[in-house]
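>>> Show me how the following folds:
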Amino acid sequence: MEYQEIAREIIKLKDKDLELRNRLILEEQLGDGYNMAMEKLHNKHAEILNKIVNSIGYPTIDKVGEEASKAAWLVIQHAIGKPTFMKKCAKLLEKAVKEQKASPVNLAYLLDRIAVFEGKAQTFGTQFDWDEAGELSPQNFDDLQKVNQRRKSIGLNTLEEQIKIMREQAKIDNETAPIDFRIRKQEIDKWKKRVGWIK
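From the prediction side, this is the model:
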């Protein structure tokens, strides 16, 4: 399979992902746990992309073009039920960023997502969820000043600015806080154990 054909296949995966997400937003089925149809699609796409990665390595810009490379990252970012695959891709993406063949912003988001699922502090403050006060907030991070320095170094806005953006987007998407924060947290921990993020 040629790189152009692979690029088209990766973009199709991204399009199907976003199509389902938009449909679920319209049907107001997002925000109440991990939607089963979305989980199934994410896992299926992870398996397809894993075969591509095994065949060509990380889908870098020089191989598949910028659009397909970004699409591959989105599929990886959404492959939350496949910890081994996400961690494997993070290592490959790290190497690609060092070689200036992929986006450092994409790497920041992926490393933060993995850290959050493993119960660790995120480095760039890119991952958000509902807090006990019912606000969409960044998940655990180390130090605001350091986080903002790191964000600036890769061209991101400040965390304070991002909080405003994320909360506005949640309103636009009609996303609301869970009814019971404690139950939601228990469900997430149970899911993390089931898929292998935590023991």
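>>> For His45, list the residues it contacts.
By C-beta atoms under 8 Å, 6 or more residues apart in numbering, the residues touching His45 are Leu13, Lys16, Asp17, Val75, His78, Ala79. Any C-beta I mention is one placed from the backbone N, CA and C, and that applies to glycine too.
>>> who's in contact with Pro59?
Applying C-beta under 8 Å, 6+ apart to Pro59 gives the contacts Ile6, Ala7, Ile10, Ile52, Val53, Ala68, Ser69, Ala72.
>>> Isn't the fourth one up against Glu9?
Read it as Ile52. Yes. Counting by C-beta atoms under 8 Å, Ile52 does reach Glu9; the two are 7.3 Å apart.
>>> more crowded one of these two?
Ranked by neighbour count (other C-beta atoms under 10 Å), Ile52 and Glu9 place Ile52 first, with 20 against 16.
>>> which non-adjacent residue is nearest the more buried one?
In space, and not counting its chain neighbours, Ile52 is closest to Ile6: 5.9 Å by C-beta to C-beta, 6 or more residues apart in numbering.
>>> so which strand or helix has the one you found?
For Ile6, the host element (DSSP states H and E) is helix 3-26.
>>> do Asp62 as well
Counting by DSSP H and E, the element that carries Asp62 is helix 61-64.
>>> buried set for that helix?
Ile61, Lys63, Val64 (16 or more other C-beta atoms under 10 Å).
>>> Tell me how far the first one lies from Glu67.
Distance of Ile61 to Glu67, given as C-beta to C-beta, to the nearest Å: 9 Å.
>>> Could you list the domains of this structure?
Structural domains assigned to the chain are 1-102, 121-199, following automatic domain parsing.
>>> Let's have these in CSV, adding distance to Leu110.
What follows is these, written out as CSV (distance: least, C-beta to C-beta, whole Å):
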stretch, distance to Leu110
domain 1-102, 5
domain 121-199, 9
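>>> just checking, the residue nearest to Ile52 touches Lys51?
No. Ile6 is beyond contact range of Lys51, at 10.3 Å (criterion: C-beta under 8 Å).
>>> out of those two, which sits in the busier spot?
With neighbours defined as other C-beta under 10 Å, Ile6 and Lys51 compare such that Ile6 has more, 18 against 9.
>>> give me every residue that touches that one.
With C-beta under 8 Å, 6+ apart, Ile6 has these contacts: Ile52, Ser55, Ile56, Pro59, Lys63, Val64, Ala68.
>>> Turn those residues into a markdown table, columns for distance to Phe124, pLDDT and secondary structure.
Formatted as a markdown table, those follow (distance: C-beta to C-beta, whole Å; pLDDT from 0 to 100; DSSP: H, G, I helix; E, B strand; the rest coil):
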| residue | distance to Phe124 | pLDDT | secondary structure |
| --- | --- | --- | --- |
| Ile52 | 26 | 97 | helix |
| Ser55 | 30 | 96 | helix |
| Ile56 | 27 | 96 | helix |
| Pro59 | 22 | 97 | coil |
| Lys63 | 25 | 96 | helix |
| Val64 | 25 | 96 | helix |
| Ala68 | 24 | 97 | helix |
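>>> Can you show me the strands along the protein?
For the chain, the strands defined by DSSP state E cover 128-130, 136-138.
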